[in-house]
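Q: can you look at this prediction? I've put the sequence above it.
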Amino acid sequence: MRVFGSMIRMPLAATNSGQRPTGRYSLLSRNLSGTIRDPRIEGIDMLTDTHPEAEAVQQELLRRKSAAEKFAIVRALTATVVSLCRQGIRERHPEFDDREVDIHFVEMNYGRELAEGLRRRLEGDGA
């Protein structure tokens, strides 16, 4: 690990086990306040309190998982995010029934046009 100014750059071995050669150091960097910076995603910083060595261990454990295990993790995280989003809609709009929560969820995540199409379809089905 090297420090360049206020940026800490992780060697490839600590970030991607050299599977994809991307140069001497990974694109991800961490500044001294603990913010991770990925220059491929301009303007997005991720705050973390995870020590770089612990993060390297976490990443290695994830690399060792099978595709099915990784998919199960993604599926569980997605279900959690959807549930939290729906809960937030219910808290902001206690007057909504389940159908209105569903339509509002679609509008927030996929756009008004798709939500209106869903609303028309549900009204046409009498659901």
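A: All right, it came through fine. Keep in mind the model is a prediction, meaning the values are calculated, not measured.

Q: got the domain ranges for the protein?
A: According to automatic domain parsing, the chain comprises the domains 2-64, 67-125.

Q: look up how far residue 104 lies from residue 81.
A: With distances taken as C-beta to C-beta, to the nearest Å, residue 81 is found 16 Å from residue 104. C-beta here means a position set from N, CA and C on the backbone, and glycine is covered the same way.

Q: between these two, which one's more packed in?
A: The residue with the greater number of neighbours, taking residue 81 and residue 104 and applying other C-beta atoms under 10 Å, is residue 104; the counts read 18 against 11.

Q: who touches stretch 82-99?
A: If you take C-beta atoms under 8 Å, 6 or more residues apart in numbering as the criterion, stretch 82-99 is touched by 100-101, 104-105, 108-109, 122, 127.

Q: I misspoke; the intended subject was stretch 119-126.
A: In this structure, residues lying in contact with stretch 119-126 by C-beta under 8 Å, 6+ apart are 99, 103.

Q: now that stretch: mean pLDDT?
A: Predicted confidence along stretch 119-126 averages 84 (mean pLDDT).

Q: list the buried residues in it.
A: When burial is assessed from 16 or more other C-beta atoms under 10 Å, stretch 119-126 yields the following buried residues: residue 119.

Q: before we move on, the earlier item: any chance of the contacts of stretch 82-99 in TSV, with distance to residue 93 and secondary structure too?
A: Listed next are those as TSV, based on distance: C-beta to C-beta, whole Å; DSSP: H, G, I helix; E, B strand; the rest coil:
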residue	distance to residue 93	secondary structure
100	7	helix
101	8	helix
104	7	helix
105	11	helix
108	11	helix
109	15	helix
122	17	helix
127	19	coil
